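# Sequence and predicted structure below; questions after.
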Amino acid sequence: MNKVIHFVGLTFLLLASAGMGANDPNSPYQETLHKADAGDPKAQCSLGFISFFSDEETLYKVEAGDPQAQYYLGLWCLYVVVPLDSSIDESQRYPEAVKWYTKAAQQGDADAQCRLGLMYANGRGVPQDYVQAYKWLNLAAA
């Protein structure tokens, strides 16, 4: 399995979704479950991603270069990792998301192209570059 996936905390999330921390009321996984049950949309999204990436087939798709799976991994880097692992800050998650968005965008995934364009426009995970932002946003819109 790709070391980068481990970097963003996939192993922790897979173990959590398989029951690790299920009995510990203070675990990040349990906190996310409680928030999701209370209607927190970010927590509900996080649980959806945990479920999505706990499927081995999805991980194989990421490794095999499936653009949609890579796009979703980019989203996961931004929106799931931080709530569940507070040791990972924005300076680590943005470049990781850019990496996966780029892989998917280069294969023509319009959602990834749009997200990548926004990352360049805002200087998140990459140096701010309006030319690259324009390029990716226009490709997404085409």
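That came through fine. Numbers count the residues shown, from 1 in each chain.

# Low-confidence ranges, this structure, go.
Along the chain, the parts satisfying pLDDT under 70 run over 1-29, 46, 49-55, 80-90.

# Longest helix in it, by number of residues?
Criterion DSSP state H: the longest helix present in the chain is helix 90-105.

# and the helix or strand just after that helix with helix 90-105, angle?
For helix 90-105, the succeeding helix or strand toward the C-terminus, using DSSP states H and E, is helix 110-122. Helix 110-122 and helix 90-105 are oriented at 140 degrees to each other (axes from the mean of the first three to the mean of the last three C-alpha atoms, to 10 degrees).

# Check which helices and strands helix 110-122 sits against.
For helix 110-122, the packing partners by 3 or more C-beta pairs under 8 Å, 6 or more residues apart in numbering; DSSP states H and E come out as helix 67-79, helix 90-105, helix 130-141. Using the backbone N, CA and C atoms, a C-beta is placed for each residue, glycine as well.

# Need the CA coordinates for the longest one. CSV is fine.
What it means is helix 90-105. In CSV, the C-alpha atoms belonging to helix 90-105 read as follows (Å, rounded to 0.1, in the frame of the first residue of the first chain):
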residue,chain,number,x,y,z
GLU,A,90,-3.3,22.2,7.3
SER,A,91,0.3,22.5,6.2
GLN,A,92,0.4,18.7,5.8
ARG,A,93,-3.1,18.1,4.4
TYR,A,94,-3.2,20.7,1.6
PRO,A,95,-0.1,19.4,-0.3
GLU,A,96,-1.4,15.8,0.0
ALA,A,97,-4.8,16.8,-1.4
VAL,A,98,-3.1,18.7,-4.3
LYS,A,99,-1.1,15.6,-5.1
TRP,A,100,-4.3,13.4,-5.5
TYR,A,101,-6.3,16.2,-7.2
THR,A,102,-3.4,16.6,-9.7
LYS,A,103,-3.3,12.9,-10.5
ALA,A,104,-7.1,12.9,-11.1
ALA,A,105,-7.1,16.2,-13.0
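
# Show me what counts as buried in that helix.
By neighbour count on 16 or more other C-beta atoms under 10 Å, the buried set for helix 90-105 is 92-94, 96-105.

# Also the first one?
For helix 67-79, the neighbour count (16+ other C-beta under 10 Å) marks 67, 69-78 as buried.

# Much appreciated, bye for now.
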